[in-house]
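Undergrad: Sequence first, predicted coordinates after that:
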Amino acid sequence: MSIVTQVTELLQGLLDESMDVLARETGCVKRERKFSGSTLLSTLVLTVSQNPKPKPGNYQTTAAQLGVDVTEHAISQRFTPELVKFLEAALKRVLSHVLSTDAPPIELLGRFTQVVIGDSTTVTLPDEYAEQFPGCGGSYGSGKAALKIQVLWDLRHGRLQMLLEPGRASDAKSPITELPLSAGSLSIFDLGYFSLERFQRVEHAEGYWLSRLQHGTTVCDAAGNPVALRKFLAKNAKRGVVDARVRLGEKRLPCRLLAVRVSPEIAARRCQKIREKARDHGREPSQEYLALQEWTIFVTNCPPSLLTWKEVVVLYRARWQIERLFKLWKSFNRLADHDAKATAAQQMAEVYVKLIAVIIQHGIVLMAVWLDGRRSLWRAAAKLREWIGQIIAVIDDTTKLQRLLHRQRQSLAKSARVNSRRKHPSCFQLLNNPELLEYTVA
C-alpha cells in the first residue's frame, strides 16, 4: 500500500463510523445532537494540529469547517472523564495503523532489514491520574502522575511503534523491548534498556543489537576468563581503538567489544558530571568508574565484516534522532504543555489528542520527505501546519484528499531540506559516509 493511501486512510479514520460507536461505548456521546464521536475527534485533533495551544474559539472554527455548529461553551463542556476514555480508545485505534514507506538509499542502513532505535519520554499528568499512571513522586520530569511514552522508530522505513506506560515504569523491563523484529534487523537502545537477556532474545530471532556497555557488567575474554576492564582496554588498544571478542555476564554471552579513547577534555567533563550526580545522591563514584571515562565503550553482536568501528559509532549516534523527535513533539507540538487553569480531564484529553496529532503529522512527513536524506522533520512539520485548513476542507472526499496530499508532498519535498555541512556533518551525511566522522582517537 502506498504511503499516500496509508495517510489517506489514517486521516479519514478520524471520521469513520467506528469512532461513533466508540464514543457511545465510552459514554462520551450519549445522544447525538451536534457532535458525533467522529466529528468530535476530528475537531479536536485537527485543531491542535494547527494550534498546539488551542482556545475554545479555535475548536469552534474547526467544528464549523466540518459542518458542526456549536458554541465555545458547548465545546468546553465536552472535556469530561468520558471524553478521556474515548480519546484513549481512539488513540489505540490510530496506533493500529501501520505507517511505513520505502527506505532511503543509504547503503549502511540497507545492510539490515530494519534499523530500530528505541527510547522513552515522559509527560507529567494531573495528580488525579496517579492511580492509573503513577509517577516517580516528584523526581525530575515526573510528579505524582506521569505518562511514559515508549517509542520504537525504524530508521529505514519510518515506522513508529508506541506504548504508553506509567511514569515510574522501568525502561529495561518495558514490553517495547519485546516487540518482534524481523530477522536481520538491528536494534539500538541506550543504557536504560541494557539487558543481556534482551540481547539473547534478539540473537535467537536472528537479529543484531548494539549498545553502550553498562558499567559493572562482568567482562570476560574470549575464553570466558574475567578481566579487569581498564587493563584489558589498555592492553588491546591499537591507535586508541579496541576491537575484541569478549563474553558478558554470568552466562558468558559472546559478543564484540569496541572502545574508542576520547580526548582528556571530554573525559574531564564526563567525570565532572558523574561527581555532581553522585553528590546529589550522597554517593562517591569509584575511581575505576572515573578512569573508564577515558573510553566510549560499545558492545554488539555485529561482526567486523558487517560493521567497522566507525560505522558502529555512527549508527549509535543515529539513536539521537529519536531525541530530536521527542523535542519536536514537546517544543513544536507542545505535547507536555498544560493550561494550569484547565480541569484534570481537559489536560489529560489534550495529551491524548496531541498524541494522535503527532502520529498523523509523522505519517504526512513520511509521505513527503522521508526519502530525502537532507530532510528536516522540524521544517516539514512547520510547513505542514499551513496545510491543515485545506485538509479539513477535503477530508471526507478521498479523491480530493489524495490530490491534495500529492501537492503537499511536492511542496514539502522542496521546502523541508537542510544543507550539507563541511564541519560537524549531519546524521544523514555520516550514515552515507562514516569516514566523515569527526572522532579523533587519542
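TA: Structure received. Numbering: from 1, shown residues only.

Undergrad: Buried residues of stretch 18-28, list them for me.
TA: Buried residues in stretch 18-28, counted by 16 or more other Cβ atoms under 10 Å: 19-20, 22-24, 26, 28. Yep, even glycine has a C-beta here, placed from its N, CA and C like the rest.

Undergrad: Those in helices, which ones?
TA: Residues of those located in helices (DSSP state H): 19-20, 22-24.

Undergrad: Lys330 - how many residues pack around it?
TA: Number of residues near Lys330 (other Cβ atoms under 10 Å) recorded here: 16.

Undergrad: Let me see the contact set for it.
TA: 121, 336 (Cβ atoms under 8 Å, 6 or more residues apart in numbering).

Undergrad: Could you tell me whether it really is in a helix?
TA: Yes - the assignment for Lys330 (DSSP: H, G, I helix; E, B strand; the rest coil) places it in a helix.

Undergrad: do you know how far it is from Pro52?
TA: Using Cβ to Cβ, to the nearest Å, Lys330 is found at 10 Å from Pro52.

Undergrad: residue ranges with poor pLDDT in this structure?
TA: Scanning the chain for pLDDT under 70 picks out 137-142, 439-442.

Undergrad: Which stretches in it count as strands?
TA: Assigned by DSSP state E, the chain shows strands spanning 115-125, 145-154, 160-166, 186-189, 208-212, 219-220, 241-248, 253-261, 295-300.

Undergrad: Tally up the residues packed near Arg379, please.
TA: 16.

Undergrad: check contacts around the nearest residue to it once chain neighbours are set aside.
TA: Nearest residue to Arg379 in three dimensions, chain neighbours excluded: Ala416, at 4.1 Å (Cβ to Cβ, 6 or more residues apart in numbering). Going by Cβ under 8 Å, 6+ apart, Ala416 touches 368-369, 375-377, 379-380, 383.

Undergrad: Which elements pack onto the longest helix along the chain?
TA: In the chain, assigned by DSSP H, the helix with the most residues is helix 344-369. On a contact count with 3 or more Cβ pairs under 8 Å, 6 or more residues apart in numbering; DSSP states H and E, helix 344-369 meets helix 3-13, helix 37-50, helix 81-95, strand 115-125, strand 160-166, helix 377-385, helix 398-415.

Undergrad: Just the angle for that helix relative to helix 3-13, thanks.
TA: Between helix 344-369 and helix 3-13, the angle formed by their directions is 160 degrees, by axes from the mean of the first three to the mean of the last three Cα atoms, to 10 degrees.

Undergrad: could you give the angle of helix 344-369 to strand 115-125?
TA: 160 degrees.

Undergrad: quick one: helix 344-369 to chain centroid distance?
TA: On the basis of Cα atoms, centre = their mean, to the nearest Å, helix 344-369 sits 13 Å off its chain's mean C-alpha point.

Undergrad: before we move on, what about stretch 265-285?
TA: Distance of stretch 265-285 from its chain centroid, counting by Cα atoms, centre = their mean, is 28 Å.

Undergrad: and if you look at stretch 240-252?
TA: That offset, for stretch 240-252, works out to 29 Å (Cα atoms, centre = their mean).

Undergrad: which other residues reach that stretch?
TA: Contacts for stretch 240-252 (Cβ under 8 Å, 6+ apart): 196, 200, 217-222, 224, 227, 232-233, 236, 253-261, 295, 299, 304, 309, 441-442.

Undergrad: Pull out the buried members of these.
TA: By 16+ other Cβ under 10 Å, the contacts of stretch 240-252 give 196, 219-220, 227, 232-233, 236, 253, 255-261, 295, 299, 309 as buried.

Undergrad: The residue lying closest to His424 once chain neighbours are set aside: what's it in contact with?
TA: Spatial nearest neighbour of His424, chain neighbours left out: Glu438 (6.8 Å); criterion: Cβ to Cβ, 6+ apart. Glu438 makes contact with 423-425 under the criterion Cβ under 8 Å, 6+ apart.

Undergrad: Can you flag the buried ones in those residues?
TA: With neighbours counted by 16+ other Cβ under 10 Å, the contacts of Glu438 contain buried members at Pro425.

Undergrad: quick one: which of the contacts of Glu438 is nearest Glu178?
TA: Closest approach between these and Glu178, by Cβ to Cβ: Pro425, at 34.7 Å.

Undergrad: and that closest one, how far is that from Glu435?
TA: Using Cβ to Cβ, Pro425 is found at 10 Å from Glu435.
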